[in-house]
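[1] Can you look at this prediction? I've put the sequence above it.
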Amino acid sequence: QQQVKQSPQSLIVQKGGISIINCAYENTAFDYFPWYQQFPGKGPALLIAIRPDVSEKKEGRFTISFNKSAKQFSLHIMDSQPGDSATYFCAASIRDSSYKLIFGSGTRLLVRP
Amino acid sequence: NAGVTQTPKFQVLKTGQSMTLQCAQDMNHEYMSWYRQDPGMGLRLIHYSVGAGITDQGEVPNGYNVSRSTTEDFPLRLLSAAPSQTSVYFCASNLRAGNTEAFFGQGTRLTVV
């Protein structure tokens, strides 16, 4: 059962453009929403994360927008650069004793020079 | 610090063989987990551990065993390899269970023929 749905599967953006990746979740008990970035041959690495008590979080060119009522959140990459070309995963978790981090299916981003 | 170290990086198994994927972390993290990554399916949680001596099942535990005898090590055992277990396996560690950053290893690419 896919608890976190991610789209699009792949994305091509010109250098300097805005990349937008969307995720939707089902479980209203989720209370932590991280985004991970993965380069080929490497493990994922935390990019940015948000909790549901805020609607937006920005770190440099990366912004998470969060819509609790719609159960959706998205990653915006401003001024996209070729070095941003990677696979991006959204995820969600519940902060309890078992703590399971559930990932979306991933978006492969290509930023053309 | 080495972070999370996985061995081997590549492995080819014959159907029915068993093997152990090794994972070690040197950050004194309480929480460790194993994921498998398949195209179009993101990362799926196999097993996790909230501390030494404690393990539990994730989303896709069948065919895999784990143990956590020390804080540092969290090996994943394939009991009788099947072609459906062909995947890239990632080990991750978090400071503790809960909404903290997951640090991933470099991955093990496993092919079962």
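    Okay, I see it.

[2] for chain B, which spans come out with low pLDDT?
    In the prediction, chain B carries residues with pLDDT under 70 at positions B:1.

[3] burial count for residue 57?
    I went with chain A, as the question did not name one. For A:K57, the neighbour count with other CB atoms under 10 Å in any protein chain shown is 16. (Glycine included, C-beta is placed from N, CA and C.)

[4] Not quite, go with chain B.
    If you count neighbours by other CB under 10 Å, B:Q57 ends up with 14.

[5] Show the contacting residues for the residue nearest to it when sequence neighbours are not counted.
    Once flanking residues are discounted, B:Q57 sits nearest to B:H47: 6.0 Å by CB to CB, 6 or more residues apart in numbering or on different chains. Going by CB atoms under 8 Å, 6 or more residues apart in numbering or on different chains, B:H47 touches B:33-34, B:55-58, B:61, B:64-66, B:76.

[6] B:P83 versus B:H47, what's the distance?
    21 Å (CB to CB, to the nearest Å).

[7] Then A:I102?
    A:I102 is 26 Å from B:P83, where distance means CB to CB.

[8] Those two: which is more packed in?
    In this view A:I102 and B:P83 are compared by other CB under 10 Å, and A:I102 has more residues nearby, 23 against 10.

[9] Quick check: bridge partners of the more buried one?
    Beta bridges link A:I102 to A:A92 when assigned by DSSP bridges.

[10] what's the answer for A:F33, then?
    Beta-bridge partners for A:F33, by DSSP bridges, are A:I50.

[11] Show me where the chain has its strands.
    No chain was given, so I picked chain A. Ranges of strands in chain A, per DSSP state E, are A:4-7, A:10-14, A:19-25, A:33-38, A:45-50, A:56-59, A:62-67, A:72-77, A:86-93, A:101-103, A:107-112.

[12] My question was about chain B, not that one.
    Under DSSP E, chain B gives strands at B:4-7, B:10-13, B:19-25, B:31-38, B:42-51, B:54-57, B:64-66, B:76-78, B:87-94, B:103-104, B:108-112.

[13] can you pull the contacts of the closest residue in space to A:I77 that isn't next to it in sequence?
    Excluding its sequence neighbours, the residue lying closest to A:I77 (CB to CB, 6+ apart) is A:S19, at 4.0 Å. The contact partners of A:S19, by CB under 8 Å, 6+ apart, come to A:11, A:13, A:75-77, A:80, A:84, A:109, A:111.

[14] thought B:T86 was touching B:T111?
    Yes - using CB atoms under 8 Å, B:T86 is in contact with B:T111, at 5.2 Å.

[15] Settle it for me: which of the two has more neighbours?
    Neighbours were counted for B:T86 and for B:T111 using other CB under 10 Å; B:T86 has more, 16 against 13.

[16] any idea how far the residue nearest to B:Q57 is from A:I20?
    Going from B:H47 to A:I20 by CB to CB gives 34 Å.

[17] Restrict stretch B:81-99 to CA atoms and write it as PDB.
    Taking C-alpha atoms only, stretch B:81-99 is exported to PDB below (Å, rounded to 0.1, in the frame of the first residue of the first chain):
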ATOM      1  CA  ALA B  81      17.700 -15.800  -2.300                       C
ATOM      2  CA  ALA B  82      15.100 -15.400  -4.900                       C
ATOM      3  CA  PRO B  83      15.200 -13.400  -8.200                       C
ATOM      4  CA  SER B  84      12.500 -11.100  -6.700                       C
ATOM      5  CA  GLN B  85      15.100 -10.000  -4.200                       C
ATOM      6  CA  THR B  86      17.300  -8.500  -6.900                       C
ATOM      7  CA  SER B  87      17.500  -4.900  -5.700                       C
ATOM      8  CA  VAL B  88      19.700  -2.200  -4.200                       C
ATOM      9  CA  TYR B  89      19.800  -2.400  -0.500                       C
ATOM     10  CA  PHE B  90      20.400   0.600   1.800                       C
ATOM     11  CA  CYS B  91      21.100   0.600   5.500                       C
ATOM     12  CA  ALA B  92      20.400   3.800   7.400                       C
ATOM     13  CA  SER B  93      20.800   5.000  11.000                       C
ATOM     14  CA  ASN B  94      19.100   7.800  13.000                       C
ATOM     15  CA  LEU B  95      20.200   9.200  16.300                       C
ATOM     16  CA  ARG B  96      17.100   7.800  17.900                       C
ATOM     17  CA  ALA B  97      13.600   6.600  16.900                       C
ATOM     18  CA  GLY B  98      11.500   9.600  16.000                       C
ATOM     19  CA  ASN B  99      11.700  12.400  13.500                       C
END
